[in-house]
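Give the three-dimensional model of this entry:
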Amino acid sequence: MQDIIRPGLTLFAITAIFTLILAVTNFLTIDVIADAREQTRLASMSYVLPGTTGFSVDVGIDDDTSMLSYAVGFDGDMPIGVVVQMSATGWAHMTFLVGIGLDGAITGLDIISHAETPGLGARITEEVYRHQFIGATGDVQVLTRGNAGENEVMAITGATITVQVVTDGVNDALEFVNGAVLPNIQRYSPQ
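So this is what the prediction gives:
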């Protein structure tokens, strides 16, 4: 009996010590990790809305769309546009940011997290794909052949569903920002 209990207690003690070490490490680094994630998100927000020096407080969106939140971007005290954070699922879950200028046109798109298939859906992170959205002003359409024109983007071979999901999210963001945020943008202030 002692041959069973002693190794079991030893294994329990080793497991408890390592669990305690992991818990302390997590406690000591949780704020550092949260700050790093926030800095990365702010950098992505500045990327999709060039020229920003700051943002308003994030406003959560609680509805049935894929929109999570939005923030107004500022250059000093002057609003220059809006960044919308979207959540969508193609073949896998993804989160992305859509920048929209005061003129109601897309200024940038950045995929901030995804679990799409490498070489297929993951190609949505490539600049050549994301750049297609810049300048779009409404009802962006996905083309599977031909040449993309105004408010059109080319699908990625093998990832048409993923491209359509992102495009639907972009269209939702455009409709929301142009209808609800831009007409009232003067009521926002930098953080």
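
contacts, neighbours, all on C-alpha from now
Noted.

Let me know the helix or strand that Met86 is in.
Under the criterion of DSSP states H and E, Met86 resides in strand 78-89.

Strand partners (parallel or antiparallel) of that strand?
strand 67-75 (antiparallel), strand 93-101 (antiparallel) (DSSP bridges).

Keeping just the C-alphas, turn the last one into PDB.
What follows is strand 93-101, C-alpha atoms only, in PDB (Å, rounded to 0.1, in the frame of the first residue of the first chain):
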ATOM      1  CA  HIS A  93     -13.600  32.600 -36.400                       C
ATOM      2  CA  MET A  94     -11.900  35.900 -37.200                       C
ATOM      3  CA  THR A  95     -11.800  39.400 -35.900                       C
ATOM      4  CA  PHE A  96     -11.000  42.400 -38.100                       C
ATOM      5  CA  LEU A  97     -10.900  46.200 -38.100                       C
ATOM      6  CA  VAL A  98     -12.500  48.400 -40.700                       C
ATOM      7  CA  GLY A  99     -11.400  52.100 -41.000                       C
ATOM      8  CA  ILE A 100     -13.900  54.500 -42.500                       C
ATOM      9  CA  GLY A 101     -13.100  58.100 -43.300                       C
END
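
so who does Val98 touch?
Contacts for Val98 (Cα atoms under 8 Å, 6 or more residues apart in numbering) come out as Val48, Val83, Val84, Gln85, Met86, Ile106, Thr107, Gly108, Leu109, Asp110, Val170, Ala173.

do Phe74 as well
Counting by Cα under 8 Å, 6+ apart, Phe74 has contacts Thr52, Thr53, Gly54, Phe55, Ser56, Ile80, Gly81, Pro190.
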